[in-house]
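**Q** No letters, just coordinates:
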């Protein structure tokens, strides 16, 4: 792995010195990692999670290698509809994670803030803005964002349009869930389809959207089956495995290859033993780089993340006969839309289904809704006698996550659960697994 580390250091140095000349080197690294995940998958994690990582690395590397094959979006952009035009959706949040693979998030964040971007903006957005503003990353022909969840979405895409000339569609997601709201958003989605027809010269076929929704329904049912199995069986993965699953459910949802992967994972997990440790339901973002969390959750037989709310979004069946209205309902009923009590109810429903031993909510820096509503969720879970830990940190900027504080709070919480293993015990267990 020292060769990969050397290359990462080289690309970071080159980007910081000459950001406008570094893109080809970054892209080469993405392509190399695509081959690595296929030919030399990570040891110590399940074959299903190995395949998931390879799929997501291929998706991003292949898309970035063909600038006319993708549009930018936020994580809640309607990728099912975009896929009907043979286009991929690359969310700015996911791309920021990939840029952090070169340890460039601090450089890009500082670059953005030095040009006047507010320090309080979400660090995923600041990473992306800095990458574009510095000239390190080329821009596509088009973009789309929703108002869902994040206040920064509209401002970020407006800024990119102003600074780099990237036109975008803004989907205004209603706060309320009623027939008028569904109709309002469905009409916006139809207008968006017509805009894509005009810009890319490709005819929209509604049957493709119906098929995508049919596949999406099957995928969501299959994923819930997997979550239930993961609450029963040991299935070794890493923090980043759950992040890849979140990416897949947002960027590849409605595609047959992703459904096939989930079906493979369902069969694969049945080969693993019963899980005897503590089951954790994770809420919000996953700080995949965080050392203490990695030491306790990566391929652990004692603490297993069985699901994450941000992977699911919604658990309702979609009506493929009315595809635009079905897509509108899905977006409106996303657990990150509306009041926080709506999210608390959906998380409670997920907890009733999966019966976790505990819930951990990660409050990401700059994300107002996660911090502001965490107490409401804790009250809901107290009614269900499910202990909950609230951790503060940053999903991407390592400088905003203090390992000592996270370690102290996490270990105290695990002690309370009755599984008070020291870090030394965890290390011994990991050596057994390896």
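**A** Nice, thanks for sending it over. Keep in mind that what you see is a predicted model, and the values were worked out from it rather than measured.
**Q** I'd guessed residue 227 sits against residue 351; true?
**A** No. Using C-beta atoms under 8 Å, residue 227 makes no contact with residue 351, being 11.3 Å away. Backbone N, C-alpha and C define where each C-beta goes, glycine included.
**Q** Can you pull out the residues in contact with the helix ranked longest in the chain?
**A** In terms of residue count, the longest helix belonging to the chain (DSSP state H) is helix 206-230. For helix 206-230, the surrounding residues in contact (C-beta atoms under 8 Å, 6 or more residues apart in numbering) are 80-81, 83-84, 235, 249, 253-256, 258-259, 262-263, 265-266, 269-270, 275, 304, 306-307, 311-312, 314-315, 317-321, 323-324, 326-327, 353-354.
**Q** And for stretch 349-358?
**A** 224, 227-228, 231, 278-281, 306-307, 309, 312, 315, 359, 381, 384, 386-389, 413, 417.
**Q** all strands of the protein, in order?
**A** 70-73, 88-91, 143-146, 168-171, 278-283, 303-308, 358-364, 388-393 (DSSP state E).
**Q** need those strands in JSON lines with mean pLDDT, can you?
**A** Below are the strands of the chain laid out as JSON lines (pLDDT from 0 to 100):
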{"stretch": "strand 70-73", "mean pLDDT": "96"}
{"stretch": "strand 88-91", "mean pLDDT": "97"}
{"stretch": "strand 143-146", "mean pLDDT": "96"}
{"stretch": "strand 168-171", "mean pLDDT": "97"}
{"stretch": "strand 278-283", "mean pLDDT": "97"}
{"stretch": "strand 303-308", "mean pLDDT": "97"}
{"stretch": "strand 358-364", "mean pLDDT": "94"}
{"stretch": "strand 388-393", "mean pLDDT": "94"}
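**Q** and stretch 51-58, how far out from the chain's middle?
**A** Distance of stretch 51-58 from its chain centroid, counting by C-alpha atoms, centre = their mean, to the nearest Å, is 14 Å.
**Q** Buried ones in it, by neighbour count?
**A** 51-58 (16 or more other C-beta atoms under 10 Å).
**Q** Those residues in helices, which ones?
**A** 51-58.
**Q** out of these, who's nearest residue 366?
**A** Comparing these against residue 366 with C-beta to C-beta picks out residue 56 as the nearest, at 24.3 Å.
**Q** Who are the contact partners of the residue nearest to that closest one when sequence neighbours are not counted?
**A** Leaving aside its sequence neighbours, residue 56 sits nearest to residue 244 (C-beta to C-beta, 6 or more residues apart in numbering; 4.7 Å). Shown in contact with residue 244 (C-beta under 8 Å, 6+ apart): 49, 52-53, 55-56.
**Q** will you turn those into a markdown table that also has distance to residue 26 and pLDDT?
**A** Shown next, in a markdown table, are those (distance: C-beta to C-beta, whole Å; pLDDT from 0 to 100):
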| residue | distance to residue 26 | pLDDT |
| --- | --- | --- |
| 49 | 25 | 98 |
| 52 | 23 | 98 |
| 53 | 19 | 98 |
| 55 | 20 | 98 |
| 56 | 17 | 98 |
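**Q** For those, could you give me a markdown table that also reports distance to residue 285?
**A** Converted to a markdown table, the contacts of residue 244 look like this (distance: C-beta to C-beta, whole Å):
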| residue | distance to residue 285 |
| --- | --- |
| 49 | 19 |
| 52 | 18 |
| 53 | 18 |
| 55 | 21 |
| 56 | 16 |
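**Q** Out of those residues, the closest to residue 36 would be?
**A** The nearest one, if we look at those relative to residue 36 and count by C-beta to C-beta, is residue 53, at 9.8 Å.
**Q** Just the buried ones from the contacts of helix 206-230?
**A** 80-81, 83-84, 235, 249, 253-255, 258-259, 262, 265-266, 269, 275, 304, 306-307, 311-312, 314, 318, 320, 323-324, 326-327, 354.
**Q** hmm, back to that, for ChimeraX, write the selection for the buried entries among the contacts of stretch 349-358.
**A** Those of those that count as buried under 16+ other C-beta under 10 Å are selected in ChimeraX with:
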select :224,227,228,231,278,279,280,281,306,307,309,312,359,381,386,388,389,413
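**Q** mind checking how far stretch 344-359 is from the chain centre?
**A** Distance, stretch centre to chain centre, for stretch 344-359: 19 Å (C-alpha atoms, centre = their mean).
**Q** re the thing from before, and the strands of the chain: which comes nearest residue 124?
**A** strand 358-364 (8.3 Å).
**Q** could the ones in helices among the buried residues of stretch 51-58 go into TSV alongside distance to residue 215?
**A** Putting these into TSV (distance: C-beta to C-beta, whole Å) gives the following:
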residue	distance to residue 215
51	18
52	17
53	22
54	20
55	15
56	18
57	22
58	19
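**Q** What is the nearest of these to residue 403?
**A** Nearest member of these to residue 403, counting by C-beta to C-beta, is residue 53, at 24.4 Å.
**Q** contacting residues for the closest one?
**A** Here residue 53 is in contact with 37, 41-42, 240-241, 244 (criterion: C-beta under 8 Å, 6+ apart).
**Q** Filter those down to the buried ones and hand me the ChimeraX line.
**A** Applying 16+ other C-beta under 10 Å to the contacts of residue 53, the buried members can be selected in ChimeraX as follows:
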select :37,42,240,241,244
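**Q** Make CSV from the contacts of residue 53 and add pLDDT to it.
**A** CSV is the format used below for the contacts of residue 53 (pLDDT from 0 to 100):
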residue, pLDDT
37, 95
41, 95
42, 94
240, 96
241, 97
244, 97
